[in-house]
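**Q** prediction below, plus the sequence it came from.
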Amino acid sequence: MIKKIDYYKNLRRDMFILGLSIVFTIFLVRFGVLDKILSVSQGWSVVESFIAGLFWTSIFTISPASIAIAHLSKSIDPFTLAAWGAFGAMLGDLIIFYFIRDVFSEDVRGAIKDSRFKKILSKTHFTFLRWFGPLVGAVVIISPLPDEIGLSLMGISKMKTRYLIPMTLILNFIGIYLIASASQALGV
């Protein structure tokens, strides 16, 4: 006998895990853990850039990471900062993407499987969403907006990891480079 999956229960579990990660992130920011990590790695520009890039991907850590990138651009070449920051951001994006693609998007699909929303979508042909979701996701990743939105669009459209890795690396490099160059040019 095939066991029926309770997608609503899984969605509640996913939301609980997301809530815990939000609390953990607020803890990191509120108690200055990010500042302490960056101060410990002071003088190691590669490590500082990587850590700033890692935190540049989340809605909850993008503000301190952007400030760290602007601060680091005073002492590090924007190209080097963007290169190592992009590797950190790519790692952060992959963690978020795997959660969204493997767990969250499957639960969302299962929860709306028999809903009215599914019936409406089946009667209309939204084939353009197969390429539109990743395109909008790429625009969000390159911008200083949180990557979760773009990664959600890519995860729901079932983008393969072999395309995601180079895409996020390049897009995050461009975004971090633009921020580092602008802050260096403005003297911020």
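**A** Arrived safely.
**Q** quick one, strands of this protein?
**A** Taking DSSP state E as the criterion, the chain carries no strands.
**Q** report the helix or strand with the lowest average pLDDT across it.
**A** helix 116-123 (a mean of 55; mean pLDDT, DSSP states H and E).
**Q** what's near enough to touch Pro134?
**A** Applying Cβ atoms under 8 Å, 6 or more residues apart in numbering, one finds that Pro134 lies in contact with Leu153, Met154, Ser157, Met159. For every residue, glycine as well, the C-beta is placed using N, CA and C.
**Q** let's go with 10 Å and repeat that
**A** The contact partners of Pro134, by Cβ atoms under 10 Å, 6 or more residues apart in numbering, come to Gly150, Leu153, Met154, Gly155, Ile156, Ser157, Lys158, Met159, Tyr163, Leu164, Met167.
**Q** likewise Trp84?
**A** Trp84 touches 45-53, 72, 76, 173, 176, counting by Cβ under 10 Å, 6+ apart.
**Q** from Leu153, how far out is Ser183?
**A** 28 Å (Cβ to Cβ, to the nearest Å).
**Q** these two: who's more crowded?
**A** Leu153 (22 against 19; other Cβ atoms under 10 Å).
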